[in-house]
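Novice: Need the 3D shape of this:
(chains A and B)
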2 protein chains.
Amino acid sequence: MQRALKISRSANFSAWYQEVVREADLAENSAVRGCMVIRPWGYGIWELIQQGLDRRFKETGHENCYFPLFIPLSFIAKEAEHVEGFAKEMAVVTHHRLKMIDGELVPDPDAKLTEPLIVRPTSETIIADSFRNWISSYRDLPILINQWANVVRWEMRTRLFLRTAEFLWQEGHTAHVDRDDAFAETMRMLEVYREFVETEMAMPVVAGEKTANERFPGADNTFSIEAMMQDGKALQAGTSHYLGTHFSEAQLIKFQAADGTEKFAHTTSWGVSTRLIGGLIMTHGDDDGLRLPPALAPKQIVIVPRLRGEPADAELIAYCNALQQQLRKQMACGAVLRVGVDTKDKNASAKRWDLVRKGVPLIVEIGGREASNGQVSFLRRDRLYNGEKASATAMAKDEFVAAVGGILDEMQNGMLNEAREKMTSRIHDGVKTLADLKAFFGASVADDEDAGGDNNPGWVRVSWCRPTGPELEKVEAELASLKITIRNAPLAQPPSHSACLFTGKPGVEEILVARSY
Amino acid sequence: MQRALKISRSANFSAWYQEVVREADLAENSAVRGCMVIRPWGYGIWELIQQGLDRRFKETGHENCYFPLFIPLSFIAKEAEHVEGFAKEMAVVTHHRLKMIDGELVPDPDAKLTEPLIVRPTSETIIADSFRNWISSYRDLPILINQWANVVRWEMRTRLFLRTAEFLWQEGHTAHVDRDDAFAETMRMLEVYREFVETEMAMPVVAGEKTANERFPGADNTFSIEAMMQDGKALQAGTSHYLGTHFSEAQLIKFQAADGTEKFAHTTSWGVSTRLIGGLIMTHGDDDGLRLPPALAPKQIVIVPRLRGEPADAELIAYCNALQQQLRKQMACGAVLRVGVDTKDKNASAKRWDLVRKGVPLIVEIGGREASNGQVSFLRRDRLYNGEKASATAMAKDEFVAAVGGILDEMQNGMLNEAREKMTSRIHDGVKTLADLKAFFGASVADDEDAGGDNNPGWVRVSWCRPTGPELEKVEAELASLKITIRNAPLAQPPSHSACLFTGKPGVEEILVARSY
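Specialist: Numbers count the residues shown, from 1 in each chain, chains lettered A, B, ... in the order given. Below is the predicted model of the structure:
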């Protein structure tokens, strides 16, 4: 059976992913190694992610601000002193002028910065510098801010959306009077992420805590939401950190408490990035391209008139425009519908398949017959085929207008349920020994650093004793040999635990282990 | 008479500006020279500017995308070949890793980039690279895109919002089949800027064309909107460029035309930046701080309960919250009202003056008396005083709720009219000779590069013969000695012109000359 993409998920998942990114006009590589161009359709998805999250951030009392792109090297050095295994792959600005020397444009040797600047990989250090100035009394707390920004982390192996040198994200940064307040914030924002990602992206996740070795550098606790991709691998889709007084002590963020004593503020940070779009693709895409949950579709409906280059086309276009106006008054997923009409000079069948690859939820096709009978013919992206053929549904126009909000809401729920079913069925509880674990994952160990070929067996839920220090390192080395990692310890835990799979000691919590992006 | 700021506009306009920026919590200097921190109140204004413009860009058919922060040096070099007087003050990335050497964190000598990267000062060159790949047929045109981004231009003398090394902006970039289509786009976006700035920012402007020497490097025509600040200086508030085939020829953006021939695309670009916030401050601020037109106020109304630390406070807060809910259902400037309640632990009078300095249009104060009588007491930021005292108005609550939309709309219009009156009255037509021009501006020449002291005489409208080449340079040198520049040739021109002020030749157009930011 002919599909809209050349490569199927089962043939080569990572090549399929790249084909979707390209064919759905989401993003492309640029002339700058590791940096992507996000195309309008991809950026439209990002704008909806931004809007959905921004509304939630504001509803939970946060305000947006903007901090400098550059961070003085001394700030990074201060952080490096505090953090072992501190990542050093960063873009370093050393000059502030170009000069033509011997006919060649080069960094001007006379314009060398006295202190190099780092392009922000994350903004904790520079924001802490402001917090120090903003905070003097407990009355100034909490400070709850967020920033939408670009960040840069030099990556040697890049993949569009999933791992790029520059990416777009938001980073929340907050300061609080004590641990309780800061910890509550950490958990609140984790839940904001979970709720957003499941409700609007239809992407089910497991929220939980990362192990000691997987914490953000400088965090006391790091929590994540983990999503399962269709190839069975995990994608860390968002993180929320309780930073304790680590950054406050390094940058002297002190305040006078209500009792008159001087204390260090407790801080948090939390972020999600354009990586979410990679997750969306690998959660919902199929062998015809992207499928977008209606809440995140830049256009939820595109109307395609079957133009013939004849005078009658004008009538057809008028019919489509009138339909667009009617549809734009309807609601789905809590907002008015986003509806386009595609009158480009291209044949209707080519347009149909372009729109299928882009994941438009409903494609409405209007020919002369539909227009004169007051009808519409539409394709649902979630139920594209009837047998081997794309399956269009005919409906009276007014009936369609009345039904369309319900159809889109049903698609949104259906996609979440389908993805949740896929995830749940591939989280395995039966593995009780290290040998079983090796057997479970061992068959699919591949050479690729991205690990495990294209068909991973899913995730395994095991009980462990939460070891620390060398004991934890031993466990992680064991897992690394299988190219798997501990994803998190889910917040939802059973009342009792079986023995630790790694040590045989009494288990104290369940963790998820898996291959991951 | 006591005012809410320490420095008045007439005493020292530029010190006054800095006090407003600081006291209204708009922005502050950061630890990185030349880079600012935009604080929540300032960023809230920027978000409203973004929303207002973004809606207009989309209504005129543009889509957002995102291009890399970094531009290869070779792209800049290619541009430099084409452009004389090409600005070279740019942040240059030369390394991609840090390394600890002898206990010091430094750029790793082994991680030097083979080609340095420039932090984008503007994105024409990297976007042209994508356009080349996206465009092959006339069917692909027009391409109408926009990007919201940070850009960096190394500045030696910075001033918050007006001139900073890093700033936020939008840059529109479009490609078209011919000059007519591209030129129409250039003018359309200039008009979008004019309409937005006047309607939402209440900031009157003169739209016109820049002279040949003031064009964007590589543009065939550059248009600007110019606003007059209260010190009489001009602020270029937005620009729109018709780039001809300059970038297409440099980057080979070719397409097959409908007639089968191969042609270069005609491109445009247009942008506004966080500089607009500087313009807002200097257009509307007074000696009590910022005054915000309601359309751009992050909160249009803030309700302040006069708390006494007593049990009765709960009732007061409940009254304020109920009022907030009622007000949030009202509309002004075409949108539902943005209303806050300030319950912070601080006295009501201090809060009042904080809100005055921030420019909140309506400050509503509620004490026990108001709450028990179903009343409100409010201050209008545009009519703060009655004699020497801040003048609060009492009104029945329901009456206030019904009237508030109208009051805010009236303030919005009033601020535009007031600013337009100020601008119009200071555009002078009487200057007919170079000697008069010198007399007009000469008295206020100051040493400061920002020029002209704090009280400039406004703008002068003169007729000229639109000279070119050495003749134009002579005119500009003449003007430079007076520390003035040609702002633009307004689009609105009289039917006939008097003789050229500079050469005595027949005049062909009117231009505005002024001191400027």
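Novice: where in the stretch 351-500 of chain A is pLDDT low?
Specialist: A:443-455 (pLDDT under 70).
Novice: And the stretch 51-200 of chain A, by the same measure?
Specialist: Using pLDDT under 70, the flagged stretches of the stretch 51-200 of chain A are A:82-86.
Novice: Could you give me the buried positions within the biggest helix by length in chain A?
Specialist: Counting by DSSP state H, the longest helix found in chain A is helix A:397-425. Neighbour counts over helix A:397-425 (16 or more other C-beta atoms under 10 Å in any protein chain shown) mark A:397, A:400-401, A:404-405, A:407-409, A:411-412, A:415-416, A:418-420, A:422-423 as buried. The way it works is simple: take the backbone N, C-alpha and C, and place the C-beta from them, glycine included.
Novice: cool, stretch A:205-216 as well?
Specialist: A:V205, A:V206, A:A207, A:G208, A:E209, A:K210, A:T211, A:E214, A:R215, A:F216.
Novice: by contact count, what packs against the helix or strand hosting A:F223?
Specialist: Per DSSP states H and E: A:F223 is located in strand A:221-228. Applying 3 or more C-beta pairs under 8 Å, 6 or more residues apart in numbering or on different chains; DSSP states H and E, we find strand A:221-228 packed against helix A:179-199, strand A:205-209, strand A:234-242, helix A:275-284, helix A:397-425, strand A:485-490, strand A:509-514.
Novice: hmm, try it at 6 Å
Specialist: Where contact means 3 or more C-beta pairs under 6 Å, 6 or more residues apart in numbering or on different chains; DSSP states H and E, strand A:221-228 is packed against helix A:179-199, strand A:205-209, strand A:234-242, strand A:485-490.
Novice: Tell me which of those sits nearest to chain B.
Specialist: helix A:179-199 (15.5 Å; C-beta to the nearest C-beta).
Novice: so that closest one versus strand A:234-242, what angle?
Specialist: 150 degrees (axes from the mean of the first three to the mean of the last three C-alpha atoms, to 10 degrees).
Novice: now, of the helices and strands packed on strand A:221-228, which is deepest in the fold?
Specialist: strand A:234-242 (a mean of 25; mean count of other C-beta atoms under 10 Å in any protein chain shown).
Novice: Pull out the buried positions in the helix or strand following that strand.
Specialist: Next along the chain after strand A:234-242, taking DSSP H and E as the criterion, comes helix A:246-251. Residues A:H246, A:F247, A:S248, A:A250, A:Q251 are the ones in helix A:246-251 that count as buried (16+ other C-beta under 10 Å).
Novice: Can you spell out the domain ranges of chain A, please?
Specialist: As given by automatic domain parsing, the domain ranges for chain A are A:26-92+A:118-284, A:294-414, A:427-514.
Novice: The shortest one: how far from the chain's middle?
Specialist: In this view, domain A:427-514 has its centroid 24 Å away from the chain centroid, taken as C-alpha atoms, centre = their mean, to the nearest Å.
Novice: Just the endpoints, please. Distance across stretch A:140-159?
Specialist: 42 Å (C-alpha to C-alpha, to the nearest Å).
Novice: who's in contact with stretch A:167-177?
Specialist: Stretch A:167-177 is contacted by residues A:123, A:127, A:131, A:138, A:141-148, A:150, A:182, A:185, A:265-271, A:273-274 when judged by C-beta atoms under 6 Å, 6 or more residues apart in numbering or on different chains.
Novice: Please indicate which of those residues are buried?
Specialist: A:123, A:127, A:131, A:138, A:141-148, A:150, A:182, A:185, A:265-271, A:273-274.
Novice: restrict these to contacts with chain B.
Specialist: Filtering the buried ones among the contacts of stretch A:167-177 for neighbours of chain B using C-beta under 6 Å from any C-beta of the partner chain leaves A:N150.
Novice: A:P72: what's it in contact with?
Specialist: Taking C-beta under 6 Å, 6+ apart as the test, what A:P72 contacts is A:E115, B:A31.
Novice: again, only this time at 10 Å
Specialist: The contact partners of A:P72, by C-beta atoms under 10 Å, 6 or more residues apart in numbering or on different chains, come to A:78, A:113, A:115-118, A:125-126, A:129, B:30-33.
Novice: Please, where are all the helices along chain A?
Specialist: Using DSSP H, helices in chain A cover A:13-23, A:40-59, A:73-82, A:124-134, A:179-199, A:246-251, A:275-284, A:313-327, A:348-358, A:368-373, A:397-425, A:434-442, A:469-481.
Novice: Include distance to A:A258 when you put these into TSV, please.
Specialist: Shown next, in TSV, are these (distance: least, C-beta to C-beta, whole Å):
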stretch	distance to A:A258
helix A:13-23	53
helix A:40-59	27
helix A:73-82	29
helix A:124-134	18
helix A:179-199	13
helix A:246-251	18
helix A:275-284	40
helix A:313-327	56
helix A:348-358	56
helix A:368-373	70
helix A:397-425	45
helix A:434-442	51
helix A:469-481	38
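Novice: Which one, of these, ends up nearest to B:T222?
Specialist: Counting by C-beta to C-beta, B:T222 lies closest to helix A:40-59 out of the helices of chain A; the figure is 26.3 Å.
Novice: tell me which residues in the closest one are buried?
Specialist: A:40-49, A:52-54, A:56-57.
Novice: can you pull the contacts of the residue nearest to the spatial centre of chain A?
Specialist: Geometric centre of chain A, nearest residue: A:L276, 1.4 Å, by C-alpha atoms, centre = their mean. Neighbouring residues of A:L276 by C-beta under 10 Å, 6+ apart: A:45-46, A:49, A:53, A:161, A:169, A:193, A:196-197, A:201, A:203, A:227, A:235, A:237-238, A:296.
Novice: just those now: which is nearest B:K99?
Specialist: A:W169 (26.2 Å).
Novice: A:L160: neighbouring residues, count only.
Specialist: Close neighbours of A:L160, defined as other C-beta atoms under 10 Å in any protein chain shown, add up to 23.
Novice: Correct me if wrong: it contacts A:E166.
Specialist: No - using C-beta atoms under 10 Å, A:L160 is not in contact with A:E166, being 11.8 Å away.
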